[in-house]
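# Show me how the following folds:
(2 chains)
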Amino acid sequence: MNKKIQEQIEKLLEKAGVKMIGELTVPPKSEMGDVALPCFGLAKKGGVNPVAYAKELAKKLSSEKLRVKSSIIDNVKAFGPYVNFFLNAKVLAEDILEEAAQEKYGQSDLGGNKKILVEFAHPNTHKAFHIGHLRNITTGESLARIFESVGYSVTRVNYQGDVGLHIAKCLWGTERLPNEYAAVRSEGVAERAAFLGQAYAKGGVAYEENEQAKEEVAVINAKIYSGADEKVNKLYQETRQWSLDYFNTIYQRVGTKFDRLYFESEVFKRGKEIVFENIKKGIFAESQGAVIFPGEKYGLHNRVFLNSQGLPTYEAKDLALAELQFKEYHPEKIFHVVGKEQTEYFRVLFKALEFVLPKSRGREVHLDYGWVTLKEGKMSSRTGNVVLGESLIEQVKGKIHEQIQGHDVANPEEVIEKVAIAAIKYSFLRTGVANDIAFDFNESVSLTGDSGPYLLYMCTRIKSILAKAGVAASAVSFPESISPAEKNLLLSLSNFSGVVARAATEADPSQVAHYLLELAHRFSEFYEACPVLNAEETVKSFRLALVKAVLSVAEKGLYLLGIQTVETM
RNA sequence: GCUCCCGUAGUUCAACGGAUAGAAUAUCAGGCUUCGAACCUGAAGACAGGGGUUCGAUUCCCUUCGGGAGCACCA
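The predicted structure is shown next:
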């Protein structure tokens, strides 16, 4: 709810000698008013019937409002247990349009410029980059932007697994595909990435089905950690770079830039040290040849931090990563955007961290997001049943290409790319972060209705109007009569700041997505009902300003989702 | 087996413990000589089942059924 409106209502209540209890909401129908004050809380305190109370309060406020000059509130009426306020459209228009025109509209300083890290993407080198990663990046980037807009100092970091068993599997596979390997060395970034996926699949299958291969993979793994074998080093470094080059092309494509790339290879040594240092203190314990953290002591489960070969596992590396991150950035909080299957893992890790690094307590947050599952079944890079991130983008582009036929578009290639990215990002962000997405090519990335292109379409329509209108007069005039469609748009505009704040506190970009959908729909209704360019001068001036404000807020909101607008589509 | 998450129109998603459970898509019926029809209007269609707490439950608790994930040397 808009601050100004809230203040006005509070002022009115104060005059009537009533304290503000309960949050303002929006009535289900516009005939019932524009803002609603529920009276359950008020009634409960006084032990009265909320319906009777609302009726009485509305009556009181109605007489009181006469004494509030230039109030934005036109009328007060009781509906059941609610007191509903009718806002004056003209005053609302003057307030909102002025506010929404500001560069910083929607921003706030909730974060107090505190430092936070948003860690996301984390693809592993030598493995496929699939649509799950795409969802992760989309979510992480959007969260980073939302946090920034409410006044946090955000650092985007990416933690990538470039050591570990999966690398060994891939190298094992590479050694068994010598011809393909030789050929791909002279090819492009994408081909190399595809080759690594193939090699990984080969190694992964052999590891599970063949005892000898399993041992060979373990040997390679040890060599990667020790760095003792020149031949392995060389192959490892070369293929590692292939992956990183490829990831960079994708980051660029989806509009994400990282401030710091962390690698497992830079923390595994220190991870091992930390565990050793803390065995004496009794934090970690030996068990069956490995070193574990006894999570069971704390109602969690035990986890292996050093395996029986003495190599650090993911958990030990994460200890060192945390240490490094606190040392480099002194963050207030670190958000790890990681799949929800690791929820229990993080509970144990954060517990162990509290002992090893006491200042981390309460500052480590696991932002769990849901799976992207295929309708035909679960994705698995082992069986090759994965949808690669880029192939999704290409498929969606194909669909848009068909749609765009017959349109007069200036830069079709650029537009198709942008619309495709918008469609995909929106399809990931419209649903709650923690929810799984059952992915289906034909249904999931929609181009109509509740979709990214629908939002972009609102923007291009407005841009088209503004272009035809030419240079607008500097002073905006306000007509006496404002239609319901216009008023709805104004009310939507007034909600933007609150939506962004909520999205930030709940770490949930879908709030912004839903808001934009409503804004776009209300714009479409307005567009049908209210001609802009052919309107009488005063009305035209107002509508142009209104439409400009809508575009401005829409672009701000789309930016928070990581979506760029287009001129034509 | 233990722990956690999730069951809302045919389908994909909404709904700070509050008003007549909202959208989109698919289906049916309408709307372009008028700022871009990737749009708009209308119809039909849902809280998995059963208990409980509450003035009030889709929301909280218990339970049954159904789906998913995690639970020692992967990340």
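# For the residue nearest the centre of chain A, which residues are in contact?
The residue lying closest to the centre of chain A (Cα atoms, centre = their mean) is residue A:139, at 3.0 Å. For residue A:139, the contact set (Cβ atoms under 8 Å, 6 or more residues apart in numbering) comprises A:120, A:337, A:367, A:369, A:428-429, A:433, A:509. Every C-beta, even on glycine, is put in place using the N, C-alpha and C of the backbone.
# what element comes up after the helix or strand encompassing it heading to the C-terminus?
Using DSSP states H and E, residue A:139 falls within helix A:131-149. Downstream of helix A:131-149, the first helix or strand assigned by DSSP H and E is strand A:153-160.
# Please tell me how far that following strand is from the chain's geometric centre.
The chain centre lies 14 Å from the centre of strand A:153-160; the measure is Cα atoms, centre = their mean, to the nearest Å.
# report the angle between the axes of it and helix A:131-149?
Interaxial angle, strand A:153-160 versus helix A:131-149 (axes from the mean of the first three to the mean of the last three Cα atoms, to 10 degrees): 160 degrees.
# how about the helix or strand just after strand A:153-160, does it reach RNA strand B?
For strand A:153-160, the succeeding helix or strand toward the C-terminus, using DSSP H and E, is helix A:165-175. Yes: contact between helix A:165-175 and RNA strand B, assessed by Cβ under 7 Å from any atom of the strand, occurs at A:165-166.
# same question, stretch A:343-355
Yes: using Cβ under 7 Å from any atom of the strand, we find that stretch A:343-355 touches RNA strand B at A:343-345.
# Next, check those against the helices and list the overlap.
Among those, DSSP state H puts A:343-345 in helices.
# possible to save these as a markdown table with neighbour count?
Listed next are those as a markdown table, based on neighbours: other Cβ atoms under 10 Å:
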| residue | neighbour count |
| --- | --- |
| A:343 | 12 |
| A:344 | 13 |
| A:345 | 18 |
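# From the residues you listed, pick the one nearest residue A:135.
residue A:343 (16.8 Å; Cβ to Cβ).
# Now that closest one. Nearest residue, chain neighbours left out?
Using Cβ to Cβ, 6 or more residues apart in numbering and skipping the chain neighbours, the partner closest in space to residue A:343 is residue A:368 (5.4 Å).
# So which elements touch the helix or strand hosting that neighbour?
Element membership of residue A:368, judged by DSSP H and E, is strand A:364-369. When contacts are defined as 3 or more Cβ pairs under 8 Å, 6 or more residues apart in numbering; DSSP states H and E, strand A:364-369 packs onto helix A:131-149, strand A:333-339, helix A:343-356.
# chain center to that strand: distance?
So, by Cα atoms, centre = their mean, the centroid of strand A:364-369 is 12 Å from its chain's centroid.
# hmm, it touching RNA strand B?
No: if you take Cβ under 7 Å from any atom of the strand as the test, strand A:364-369 misses RNA strand B, and the best it gets is 8.7 Å.
# for stretch A:257-265, same thing?
Yes: Stretch A:257-265 reaches RNA strand B (Cβ under 7 Å from any atom of the strand) through residue A:264.
# if I look at the residue of chain A positioned farthest from its centre, how far off is residue A:18?
Going by Cα atoms, centre = their mean, the residue of chain A most distant from its centre is residue A:63, 46.5 Å out. As for residue A:63, its distance to residue A:18 is 13 Å (criterion: Cβ to Cβ, to the nearest Å).
# rewinding a little: where does the residue farthest from the centre of chain A land in three-state SS?
Following DSSP: H, G, I helix; E, B strand; the rest coil, residue A:63 is assigned to helix.
# Which pLDDT value belongs to the residue nearest to the centre of chain A?
In this model, residue A:139 is scored at 96, pLDDT.
# Then the one 4 residues further on?
Per-residue confidence for residue A:143 comes out at a pLDDT of 97.
# How much space separates it from residue A:561?
10 Å.
# Same check on residue A:499?
The value you get for residue A:499 to residue A:561, if Cβ to Cβ is used, is 12 Å.
# and the two? which has more neighbours close in?
When neighbours are counted by other Cβ atoms under 10 Å, residue A:499 and residue A:561 differ, and residue A:561 comes out ahead with 25 against 21.
# For that one, which residues are in contact?
Here residue A:561 is in contact with A:142, A:145, A:425-426, A:429, A:509, A:512-513, A:516 (criterion: Cβ under 8 Å, 6+ apart).
# could you redo the last one with a cut-off of 6 Å?
Contact partners of residue A:561, counting by Cβ atoms under 6 Å, 6 or more residues apart in numbering, are A:142, A:429, A:512.
# of all the residues you listed, which comes closest to residue A:463?
Of these, the one sitting nearest to residue A:463 (Cβ to Cβ) turns out to be residue A:512, at 20.9 Å.
# quick one: contacts for that closest one?
Residue A:512 neighbours (Cβ under 6 Å, 6+ apart): A:503, A:557, A:560-561.
# repeat that with 10 Å
With contact set as Cβ atoms under 10 Å, 6 or more residues apart in numbering, residue A:512 has these partners: A:106, A:142, A:145-146, A:149, A:429-430, A:496, A:499-500, A:502-504, A:556-561.
# Next up, phi/psi of it, please.
phi -70, psi -40 (degrees, to the nearest 10).
# Likewise for residue A:292?
Here is the backbone geometry of residue A:292 (degrees, to the nearest 10): phi -120, psi 160.
# Report pLDDT for it.
Looking at residue A:292, its pLDDT reads 95.
# How many residues are close by the closest residue to residue A:350 other than its chain neighbours?
Take residue A:350 and drop its neighbours on the chain: the residue closest to it by Cβ to Cβ, 6+ apart is residue A:364, 4.9 Å away. Residue neighbour count, defined by other Cβ under 10 Å, stands at 22 for residue A:364.
# Show me the beta-bridge partners of residue A:364.
residue A:334 (DSSP bridges).
# picking up where we left off before, just name the lowest-scoring one in the contacts of residue A:139, pLDDT-wise.
Scoring these by pLDDT puts residue A:369 last, at 88.
# distance of it from residue A:340?
7 Å.
# Give me the common contacts of those two.
With Cβ under 10 Å, 6+ apart as the test, residue A:369 and residue A:340 both reach A:433-436.
# Out of those, grab the one that's most surrounded.
Going by other Cβ under 10 Å, residue A:433 tops those with 21 neighbours.
# Tell me who's in contact with the residue nearest to it when sequence neighbours are not counted.
Computed as Cβ to Cβ, 6+ apart, the closest residue to residue A:433 that is not its neighbour in sequence is residue A:369, at 4.8 Å. Listed by Cβ under 10 Å, 6+ apart, the contact set of residue A:369 reads A:120, A:132, A:135-136, A:138-140, A:143, A:337-340, A:428, A:431-437.
# bridging residues for residue A:369?
Beta-bridge partners, per DSSP bridges, of residue A:369: residue A:339.
# tell me the mean pLDDT over stretch A:397-409?
pLDDT averaged over stretch A:397-409 gives 89.
# Is any residue of it near RNA strand B?
Yes: counting by Cβ under 7 Å from any atom of the strand, contacts between stretch A:397-409 and RNA strand B involve A:400, A:403-404, A:407.
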